[in-house]
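Engineer: what follows is a predicted protein model with its sequence.
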Amino acid sequence: MATLPNPLPRLTADPSGHTLGLELPPGRLIDAGGDSHTLEEVGENDGWHEPLLWYAEDRAAPGSWAALAPARASGLLPVLVDVGGPQNGPENWELMPEEMSYAGDHDADEVLADFWEQYAADELDGDQEYASREVVESLFGKPAPYDATVAPYGPTWPGLAAATAPQTDPDTRAAEIADALTDPGSRLKEPRLALVPARRSADIPAVLGWAGPLNHENDVARLCSVLRSWEDRFGIRVVALTFDQLVVSVAAPPTTMAEAEAVAAEHFAFCPDNITQGHHTALREYAEQEVLNERVWSFWWD
């Protein structure tokens, strides 16, 4: 994929980031080989791979996201990474940047249409009879038919939702959500502030070669093309990543049910597990509870 000049190697000679206008806490570099290095170790070893990200050794705190604002001028964008899950930090996330294409080479509408139609076919096939169906339904209940799951839509892709009016500046909203996610008791167990060399916040997963949606899509750049479109239409920013979860802030959330349902259809194509394996098993319910007026969207892939 296309890349920008990477400022991260400069941190080996300047760990605090002063030449980038920063005051960084102690941190580590994760390279394209999946190895983790303290900045002191990198400075002693010329055989390391190109770094993918820097992340702080200590837990992020409210205000730490905003303190990294000057990094944008150098081509570094902030994101929170959670090192508290079973897979620990990014060095154990099987990052694969060399496997990813470039988000700008994909069209969001075409990507979502492809996902929607594939999933529609899978679900319609699921209505067919099979040997153990009676036993399965006696234990777990009868699943909703596909048309009930995605109502008011059907197996044909309904198209992209219209843009909505921004409530605030996207970067301001991102800082607010990042601060909330660093509070104890948030959905992130051990958030660390990270910096990634990326053109746009939406490109961060592809730049890292993040494999969170691997069972849904091998090339996360295709999903990043959708994130780019959401940046333009809804003012999203990629705020946090775990091994298999993506959290984005939303500066222009839908404010009517019709708007929310249209966006929920995109979420369903983007991440079917949000509905088929989430708390809300129908698109309308999901739209009302997780999209309407919501400042945060989160996605999880099984």
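Structural biologist: Cool, got the structure. Just so it is clear, the model here is predicted, and its values are computed rather than measured. Numbering: from 1, shown residues only.
Engineer: give me the nearest residue to Asn6, chain neighbours excluded.
Structural biologist: Among residues not flanking Asn6 along the chain, Pro197 sits closest, at 4.7 Å (C-beta to C-beta, 6 or more residues apart in numbering). In short, each C-beta sits where N, CA and C put it, glycine included.
Engineer: that neighbour bridge partners, please.
Structural biologist: Assessed by DSSP bridges, Pro197 has beta-bridge partners Leu76.
Engineer: what's the pLDDT at it?
Structural biologist: Note on Pro197: pLDDT of 96.
Engineer: got a list of what it touches?
Structural biologist: 3-8, 75-77, 207 (C-beta atoms under 8 Å, 6 or more residues apart in numbering).
Engineer: select only the buried ones of those residues in PyMOL?
Structural biologist: The PyMOL command for the buried members of these (criterion: 16 or more other C-beta atoms under 10 Å) is given here:
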select buried, resi 7+8+75+76+77+207
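Engineer: pretty sure Ile275 sits against Thr149.
Structural biologist: Yes: Ile275 sits in contact with Thr149 when judged by C-beta atoms under 8 Å, with a separation of 6.8 Å.
Engineer: joint contacts of these two?
Structural biologist: With C-beta under 8 Å, 6+ apart, Ile275 and Thr149 have common neighbours 281-283.
Engineer: which one of those sits closest to Thr172?
Structural biologist: Among those, Leu283 lies closest to Thr172 (C-beta to C-beta), at 30.1 Å.
Engineer: my read: the closest one touches Ala265, true?
Structural biologist: Yes: with contact defined as C-beta under 8 Å, Leu283 counts as touching Ala265 (6.6 Å).
Engineer: shared neighbours, these two?
Structural biologist: Overlap of the contact sets of Leu283 and Ala265 (by C-beta under 8 Å, 6+ apart) consists of 150, 153.
Engineer: secondary structure element for the spatially most central residue of the chain, which one?
Structural biologist: Geometric centre of the chain, nearest residue: Leu246, 3.1 Å, by C-alpha atoms, centre = their mean. Assigned by DSSP states H and E, Leu246 belongs to strand 245-250.
Engineer: just checking: what are the partner strands of that strand?
Structural biologist: strand 236-241 (antiparallel), strand 296-300 (antiparallel).
Engineer: need those in a markdown table with mean neighbour count and distance to Ala113, can you?
Structural biologist: Shown next, in a markdown table, are the strands paired with strand 245-250 (neighbours: other C-beta atoms under 10 Å; distance: least, C-beta to C-beta, whole Å):
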| stretch | mean neighbour count | distance to Ala113 |
| --- | --- | --- |
| strand 236-241 | 26 | 20 |
| strand 296-300 | 19 | 18 |
